[in-house]
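> Predicted structure and sequence below. I'll ask about it afterward.
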Amino acid sequence: MSNETGLTGKSVIVTGAGSGIGRAAALRFASAGAKVLVADLNGETARETVESVEAAGGAAVAVTGDLGDQAVVDRVVATAVEEFGSLDVLVNNAGIMDRMSAAADVSDAEWERVLRVNLTAPFLLTRAALPHMLAAGKGAIVNTASEAGLRGSAAGAAYTASKHGVIGLTKNLAVMYRGKGIRANAIAPGGVATNITVDAEQGAHGPATIAPYFGNIGSVTSAEDQAAAIVFLASDAAAGINGAILPVDSGWAAV
């Protein structure tokens, strides 16, 4: 794979890499010859990902902490540059679900936490990574959006707004930095078999309203399916792709 992707020796940050899509992406980047910084809130699972990468012969390092904290973001980027000598790829994958709450039922705490993790953290990481990419004259940013960024029937108000925001950020980055050698794209997963959970109140208006639309989801994809798309968008094979939102959803976006 490394000969086809141009990722050999590249420095890659993957957030939310302690499990699910992030872990699958970290392993796939490593198999392509990249050096991977594993960023996650959970120190134990982050270390497990690093161990898996190293067991397969790859290079990885972990940084743990809340990516909504600027100090943690600065440490993530600084560690990647110090350990690997550059920063070539940023994958903003970490995210949380909301409670499927309709707007009238969203608490301040739910709104602020979901927006902080899903949208503000990717912005903070991107802002911190850009000076290094601009200095090098190249770089790739891949964001994990969602079907909820393409439609209003896939999640609650907070998650839907956050993922629409991720798509807007992605497209704006693509336009702002296309003349600087930096590409920004996103995947839009549909149903995925991961450990992300939804703590929805049974019988609440939001979940009850959204439930009938889930019949359109189609087949559930794997974390590896999503990781393959992320690595492709970061690779030389996607050199001409910028500002794209790629649904990886078994056709849900086509319904």
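Ah, there it is. All values reported here derive from a predicted model rather than from experimental measurement.
> mind listing the helices for the stretch 101-250 of the chain?
108-115, 121-136, 157-177, 205-210, 223-234 (DSSP state H, counting those that start in this stretch).
> right, and these - which one's nearest Gln70?
Gln70 lies closest to helix 121-136 among the helices of the stretch 101-250 of the chain, at 6.0 Å (C-beta to C-beta). For every residue, glycine as well, the C-beta is placed using N, CA and C.
> thinking again about what came up before, nearest to Ala60, out of the helices of the stretch 101-250 of the chain?
Of all the helices of the stretch 101-250 of the chain, helix 223-234 comes closest under C-beta to C-beta, at 14.7 Å.
> Now do the closest one: everything it contacts.
5, 7, 12, 20-21, 23-25, 27-29, 32, 89, 91, 93, 140, 142, 144, 183, 185, 187, 189, 192-194, 238, 241, 244, 246, 248 (C-beta atoms under 8 Å, 6 or more residues apart in numbering).
> In strands only, show me those residues.
Taking DSSP state E as the definition of strands, these contribute 12, 89, 91, 140, 142, 144, 183, 185, 187, 189, 192-193, 246, 248.
> neighbour-wise, which of those leads?
Val91 (32 neighbours; other C-beta atoms under 10 Å).
> need the contact list for that residue.
Counting by C-beta under 8 Å, 6+ apart, Val91 touches 12-15, 22, 25, 141-144, 230, 234.
> from the residues you listed, which is closest to Ser101?
Nearest member of the contacts of Val91 to Ser101, counting by C-beta to C-beta, is Thr144, at 21.4 Å.
> So the closest one sits against Pro189, correct?
Yes: assessed by C-beta atoms under 8 Å, Thr144 is found in contact with Pro189 at 6.8 Å.
> Now for those two: what residues contact both?
21, 226.
> How far off centre is the helix or strand containing Ala46?
Ala46 is part of helix 43-55, with elements assigned from DSSP states H and E. Put simply, helix 43-55 sits 18 Å off its chain's centre (C-alpha atoms, centre = their mean, to the nearest Å).
> Could you list the buried residues of that helix?
For helix 43-55, burial by neighbour count (16 or more other C-beta atoms under 10 Å) applies to 45-50, 52-53.
> before we move on, the earlier item: TSV please, covering the contacts of Val91 and showing pLDDT.
Formatted as TSV, those follow (pLDDT from 0 to 100):
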residue	pLDDT
Val12	98
Ile13	98
Val14	98
Thr15	98
Gly22	98
Ala25	98
Ile141	99
Val142	99
Asn143	99
Thr144	98
Ile230	98
Ala234	98
